[in-house]
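In: Build me a model:
(one chain, ligands or ions: 1)
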Amino acid sequence: MNGNSKLPHILVVGGAGYIGSHMVQRLGQAGCRVTTLDNLSNGHRNAVLYGELVQGDVADRQLLDDLLTQHRFDAVMHFASLIQVGESVQHPAKYYQNNLGHTLQLLDAMRAAGVARFIFSSTAATFGEPLYSPIDELHPQRPINPYGRSKWMVEQVLPDYEAAYGLRSMCLRYFNAAGADPEGRLGERHEPETHLIPLALQAAAGQRAHMSVFGRDYDTPDGTCIRDYIHVSDLCEAHWLALQHLLAGGGSRCYNLGNGQGFSVQQVLDTVQRVTGRSVPVQDAPRRSGDPARLVADATRAQQELGWVQRYPRLHDMVQHAWQWQQRSSNSTL
Ligand code: UDP
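Out: Here you go, the predicted model:
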């Protein structure tokens, strides 16, 4: 803990983005001191509800050094990354520079400042084509696109940093983050939006003419892809527990964070129709390249070791909270 206060002071890199902003809220509500570093390229200033926001880039080494020496953070949580698989195939350099290069720089700055606890946002995309389902932490990691590889490379670096520099880390591999703050203060605002649930809600609200269903010929019961949707608040709870683990002196670990249940694209669309009471105009489209038929997590390790319990495992709740946010944000100037 830092010397100024008994409460931990956490640096949240990417704290103005979708998951990061929910984490800042979770930390702030728990009474932690929070500093957000975000360049606002994808994040939003008014999504940072607690602590101070430093607008800046993780690529700015001087800024990192100044921030880390000035504050003596107890831990760093790193949410800032590029996340679009298709874009990563088109522009791999951007992904390796951002997701790998900038993370290495952040780790170096932490090392120089003596900050030795790191929570890393990793992804199910580090597993590639599943060899079995559900996917546990022992599943081989063979990512099939630059996005997944950029995250997997960071995962491989971390044990070496622990062995040589004593930097302890938690790698949290998200499956499909979904939903929004149940109180309606925060939600998902990507520009452009590429994710299934917000797109379906926008189509239901009439904000887009239709949405595409990428493939109905998969080897799944209804032919559409199956994903594991996990409520953003539950994801943040897992980060909170991971932070407690590191603050208590626990060693580095990796966890798969998902619901353990798969829902097909069609099931999501049916849920959106039920929640909104509106129809979702859809167009069938070809498969999106790099999409495995089924991605479902086995999150038993996080449950057993961290005591993680999901509060909102129902797809209905995730869609309901996202809809609440969608309605609110389209009725205001957010
Ligand atoms: N999907 C779709 N239409 C869209 C966006 C997504 O059919 O406009 C499908 C996509 O093929 C995948 C699932 O919805 O099977 C979830 O995709 P999303 O982009 O939300 O998350 P990802 O699984 O890529 O992380």
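In: Only alpha carbons, please: show stretch 261-270 as CSV.
Out: Provided in CSV are the C-alpha atoms of stretch 261-270 (Å, rounded to 0.1, in the frame of the first residue of the first chain):
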residue,chain,number,x,y,z
GLN,A,261,-23.1,-21.0,-20.8
GLY,A,262,-23.1,-20.5,-24.6
PHE,A,263,-25.8,-18.5,-26.4
SER,A,264,-26.2,-18.5,-30.1
VAL,A,265,-26.5,-15.4,-32.2
GLN,A,266,-30.2,-16.3,-32.8
GLN,A,267,-30.8,-16.7,-29.1
VAL,A,268,-29.3,-13.3,-28.5
LEU,A,269,-31.6,-11.8,-31.1
ASP,A,270,-34.6,-13.5,-29.6
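In: now it: how far from the chain's centre is it?
Out: Averaging C-alpha positions (Cα atoms, centre = their mean, to the nearest Å) puts stretch 261-270 20 Å from its chain's average.
In: What are the buried residues along the strand or helix carrying residue 319?
Out: Assigned by DSSP states H and E, residue 319 falls within helix 315-330. Residues of helix 315-330 classed as buried by neighbour count (16 or more other Cβ atoms under 10 Å): 315, 317-326, 329. In this view, the C-beta of every residue, glycine as well, is placed from N, C-alpha and C.
In: is it possible to export those to CSV including pLDDT?
Out: Below are the buried residues of helix 315-330 laid out as CSV (pLDDT from 0 to 100):
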residue, pLDDT
315, 98
317, 98
318, 98
319, 98
320, 98
321, 98
322, 98
323, 97
324, 96
325, 95
326, 92
329, 83
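In: Save the residues you listed as TSV, and put in distance to residue 145 too.
Out: Converted to TSV, the buried residues of helix 315-330 look like this (distance: Cβ to Cβ, whole Å):
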residue	distance to residue 145
315	26
317	30
318	25
319	27
320	32
321	29
322	26
323	30
324	33
325	29
326	29
329	30
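In: that older thread, from the middle of its chain, how far away would the helix holding residue 319 be?
Out: The answer for helix 315-330 is 18 Å, by Cα atoms, centre = their mean.
In: likewise stretch 79-97?
Out: A distance of 15 Å separates the centroid of the chain from that of stretch 79-97, by Cα atoms, centre = their mean.
In: Ok, stretch 131-150 next?
Out: 16 Å.
In: Just confirm yes or no for it near the ligand.
Out: No. Counting by Cβ under 6 Å from any ligand atom, the ligand has no neighbours in stretch 131-150; the shortest distance is 9.4 Å.
In: what about that stretch, start to end distance?
Out: 21 Å (Cα to Cα, to the nearest Å).
In: and what of stretch 49-57?
Out: Start-to-end, stretch 49-57 (Cα to Cα) is 20 Å.
In: Would you mind listing the buried residues in that stretch?
Out: 49-51, 53-54, 56.
In: looking just at contacts, which helices and strands does the helix holding residue 319 meet?
Out: strand 176-178, helix 196-204, strand 229-231, helix 265-276 (3 or more Cβ pairs under 8 Å, 6 or more residues apart in numbering; DSSP states H and E).
In: which residues in this protein form strands?
Out: Under the criterion DSSP state E, the chain contains strands at 9-13, 33-38, 52-55, 75-78, 117-123, 168-174, 176-178, 211-214, 226-227, 229-231, 253-257, 263-264, 282-285, 294-295.
In: Based on its surroundings, how many neighbours for residue 69?
Out: 13 (other Cβ atoms under 10 Å).
In: got the contact list for the residue lying closest to it once chain neighbours are set aside?
Out: Sequence neighbours aside, residue 113 is the residue nearest to residue 69 in space, at 5.3 Å (criterion: Cβ to Cβ, 6 or more residues apart in numbering). Shown in contact with residue 113 (Cβ atoms under 8 Å, 6 or more residues apart in numbering): 65, 68-69, 72.
In: contacts for the helix holding residue 319?
Out: The contact list for helix 315-330 (Cβ under 8 Å, 6+ apart) reads 178-182, 184, 186-189, 197-198, 201-202, 205, 207, 229, 231, 263, 267-268, 271-272, 274-276, 312, 334.
In: go on, stretch 149-159?
Out: Contacts of stretch 149-159 (Cβ under 8 Å, 6+ apart): 81, 88, 95-96, 98-100, 103-104, 107, 118, 120, 122-123, 125-126, 141, 143, 167, 169, 171, 252, 254.
In: Would you agree residue 145 is in contact with residue 85?
Out: Yes. Under the criterion of Cβ atoms under 8 Å, residue 145 makes contact with residue 85 at 5.1 Å.
In: Tell me the residues that contact both of these two, please.
Out: The contact sets of residue 145 and residue 85 overlap at 125, 290 (Cβ under 8 Å, 6+ apart).
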